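In: pasted the sequence and its predicted model underneath.
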Amino acid sequence: MRNHPRNRFSTASALRAALCASTVVAVAAGCASPASSEIQATTPATQSSDKPNILMILLDDLGYTDLGPYGGDAATPNIDALAGEGLQFSNFHAYPVCAPTRAALMTGQDPHRVGLGSMEGFTAPGVPTTTPGYRGTLDGEYTGIAEVLSDADYSTYQVGKWHLGNESGQTPRDLGFEQNFTLYDGAASHYADKLRHAPREVEPVDTVLYERNGQPVDELPDDFYSTHAYTDEMLRMIEQNRESEQPFFGYLAYSAVHDPLHVPDRDLIEEYLDRYMGNNDFNALRTERIDRLADKGLIDPDVTTRWPVQTPDWETLNPQQRRDLAYRMAVYAAMIDDVDRQIGRLTDYLRDTGEYDDTLILVTSDNGAASASRVVYTAKPGAAQWQDEHYSRVGDVASYGLPGSYPTLGLPNAQVSSGPYFHTKTTVFEGGTRVPTIVKTPGRNEDTGPRIIDAFTHIVDLYPTFADYAGARLDNAGPLLGTSAKPLFEGDSDQVGTGEFGMELFGHRVYREGDWKLVYAPALAGGTGRYALYDLSTDPGETTDLIDTHPDVARRLTEKWDQYAADNGVVPAPFEAVEAAAPRIAELMYSIDWTD
């Protein structure tokens, strides 16, 4: 374990990285270049099958039911195919927001141990970002998973959203990635304009920071679209090193489907608009998702559900508001469809090069579907005016998806994406943390339908899992929170770890013990304003608080949460302070920015 880890490349890797740092020799060295051309596959390289390639695909703000195997509306045939010959997780979890999940994935530790107890300046009331563990960027002692795999002779590539900081010791290269094409910010326009979600007064002013192999990328190609460009970059990195006998670890972090909801294919948007226009009552859409989950055996058809208290009554919405919600859903579905096509480019390439059977592929999301409107980014003075000036199509429903537009999913649609599970991103309820997850294990697998995995599994388990597949040592990895899921993946076990898990975010608390789940959340975020207790085996929708009938269980889990907090540097915010801050936060998080 290291404080501000250093790069750890092989000699050959260091030479390639040095060549790639120069834009003059980048093409000659076979390095990544601005996304525009297709990768041409050549003959397969010889590779030892005992160290598989690892391709980690992380989607952004994808809800539990958004993919085809989970009953989604968007066409996802390539992800469906991965599920058909692999594993489909019904109980896989991330943290409720982006950066803590990414910190856990990259370091294997509880986010508080590595500075990500907060995000984007948001912390629990009374807990400033100067508090150890709450800096909001990587801090402390950690060893990146790419460092661990580099020591096991892997080539390591990072493409896409990072959101962990860009100072010394925080970058992809500091954490062991040999090559990178990185979006450092948490949210951005998906197009070449590089617009942030809110103003920034320091360089780069008002735009996001992209980097390739340690060097800033000042301009993007005119035809840049994040999902396509990220796929191009990952393909180039893999192709460049394919004649080597080294396996690769590729971390591909799409910024889709994070807002603003953008997709360049207008015909695709129109296709989904035909699906939703005049048929987007969110009550009916949610029921359809749940019914399809039930048909797949993933939920009891009689599951009891509830809606966030801020959800409007469908019957009170005027035609313009209903049309607005339909357009949002159409663009969102088109983004999911589009990212699936890009994943298909990757899997086709791996098949064409003979690497597919030697690759562990994992597709998941960093948290649940996002309910917040663009208003959440306008808390600082002048931010709302800045958005209106820089996103010139704001308010024009028909322009949703185009450059200059800023559509978000909206609270009702986000709850549809969560399906039977309550609430959305930023909350500690199941809708905020339970995410769709597909795993294709190494080897030749028959397409016999997915093997459904119901065991509680968490994003923190992936660090030791990847190390396990690589045969890598974890002597210096630090206090890892998770357990290798390789035995589960390979069918040698039916569980991962103990089934217990503690968590804190923005003052909200969770402790899980088997199917028991202790939750503190403020009333305006779906909680009771005190501790509540749910039995997920009979109430996966978290509708019935059992704390009064099972006080012994609540006391035991409260004590365990207290111990978790003490072990991981969590600062317990008083419930009264969190409740007092809740109205303003709810206004930012759950309002809907209706068009005029």
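Out: Received, thanks. Numbers count the residues shown, from 1 in each chain.
In: in this structure, which residue is most central in space?
Out: Using CA atoms, centre = their mean, the residue of the chain that lies closest to the mean C-alpha position is D366, 1.9 Å off.
In: look up how far I57 lies from it.
Out: Separation of D366 from I57 (CB to CB, to the nearest Å) stands at 11 Å. To be clear about C-beta, it is placed using only N, CA and C from the backbone, and glycine gets the same treatment.
In: same check, this time on E245
Out: Taking CB to CB, one finds E245 at 24 Å from I57.
In: kindly report the same for D358.
Out: According to CB to CB, D358 and I57 sit 17 Å apart.
In: quick check on the two: which one has the bigger neighbour count.
Out: More crowded of D358 and I57, by other CB atoms under 10 Å: I57, with 25 against 20.
In: skip ahead from the helix or strand containing that one and say which helix or strand is next.
Out: Assigned by DSSP states H and E, I57 belongs to strand 53-59. Downstream of strand 53-59, the next assigned helix or strand under DSSP H and E is helix 77-84.
In: what's that next one packed up against?
Out: For helix 77-84, the packing partners by 3 or more CB pairs under 8 Å, 6 or more residues apart in numbering; DSSP states H and E come out as helix 319-352, strand 359-365, strand 437-440.
In: can you dump the C-alpha atoms of the helix or strand where S417 lies in CSV for me?
Out: Assigned by DSSP H and E, S417 falls within helix 411-418. Output in CSV follows, covering the C-alpha atoms of helix 411-418 (Å, rounded to 0.1, in the frame of the first residue of the first chain):
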residue,chain,number,x,y,z
LEU,A,411,-37.8,11.6,-11.0
PRO,A,412,-40.8,9.6,-12.3
ASN,A,413,-38.8,8.1,-15.2
ALA,A,414,-35.9,7.4,-12.9
GLN,A,415,-38.2,5.4,-10.6
VAL,A,416,-39.4,3.5,-13.6
SER,A,417,-35.8,2.6,-14.3
SER,A,418,-35.4,1.3,-10.7
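In: what does that helix rub up against?
Out: The contact list for helix 411-418, computed with CB atoms under 8 Å, 6 or more residues apart in numbering, reads 62-66, 282, 285-286, 289, 307-308, 310-312, 314, 325, 328-329, 332, 368-371, 409, 423-425, 430-431, 590, 592.
In: return the residues in contact with the residue nearest to the centre of the chain.
Out: By CB under 8 Å, 6+ apart, the contact list for D366 reads 58-61, 94-95, 97-98, 101-102, 435, 459.
In: on that earlier part again, ok now the helix holding S417, how far from the chain's centre?
Out: For helix 411-418, the distance from its own C-alpha centre to the chain's C-alpha centre is 16 Å (CA atoms, centre = their mean, to the nearest Å).
In: now the angle from it to helix 319-352?
Out: 30 degrees (axes from the mean of the first three to the mean of the last three CA atoms, to 10 degrees).
In: show me what secondary structure element comes after helix 411-418.
Out: In N-to-C order, the element after helix 411-418 by DSSP H and E is helix 430-433.
In: what does that next one rub up against?
Out: 63-64, 93-96, 367-369, 415, 418-419, 421-426, 503, 536, 540-542.
In: just stretch 119-135 next, same as before
Out: So stretch 119-135 is contacted by 97-100, 112-113, 115-118, 136, 139-140, 186, 504, 506-507, 568-571, 573-574, 577-578, 580-581 (CB under 8 Å, 6+ apart).
In: same deal with stretch 313-328?
Out: If you take CB under 8 Å, 6+ apart as the criterion, stretch 313-328 is touched by 261, 273, 276-278, 280-283, 397-398, 400, 407-410, 412-413, 594-595.
In: just the buried residues of that stretch, please?
Out: For stretch 313-328, a neighbour-count test (16 or more other CB atoms under 10 Å) marks 317, 321-328 as buried.
In: mind putting those residues into JSON lines with pLDDT and distance to D562?
Out: Formatted as JSON lines, the buried residues of stretch 313-328 follow (pLDDT from 0 to 100; distance: CB to CB, whole Å):
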{"residue": "L317", "pLDDT": "97", "distance to D562": "44"}
{"residue": "Q321", "pLDDT": "97", "distance to D562": "45"}
{"residue": "R322", "pLDDT": "97", "distance to D562": "47"}
{"residue": "R323", "pLDDT": "97", "distance to D562": "49"}
{"residue": "D324", "pLDDT": "97", "distance to D562": "45"}
{"residue": "L325", "pLDDT": "97", "distance to D562": "42"}
{"residue": "A326", "pLDDT": "98", "distance to D562": "47"}
{"residue": "Y327", "pLDDT": "97", "distance to D562": "47"}
{"residue": "R328", "pLDDT": "98", "distance to D562": "41"}
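In: of those, closest to L252?
Out: Using CB to CB, R328 comes nearest to L252 of the buried residues of stretch 313-328, at 25.7 Å.
In: secondary structure element for D300, which one?
Out: Element membership for D300, per DSSP H and E: none, as it lies in no helix or strand.
In: quick check: it touching I290?
Out: No - using CB atoms under 8 Å as the test, D300 is too far from I290 to be in contact (9.5 Å).
In: where in this protein is pLDDT low?
Out: Counting by pLDDT under 70, the chain has low-confidence residues at 1-49.
In: switch to 50 and redo it
Out: Applying pLDDT under 50 to the chain picks out residues 4-48.
In: ok, now how distant is the residue nearest to the centre of the chain from A582?
Out: Going from D366 to A582 by CB to CB gives 24 Å.
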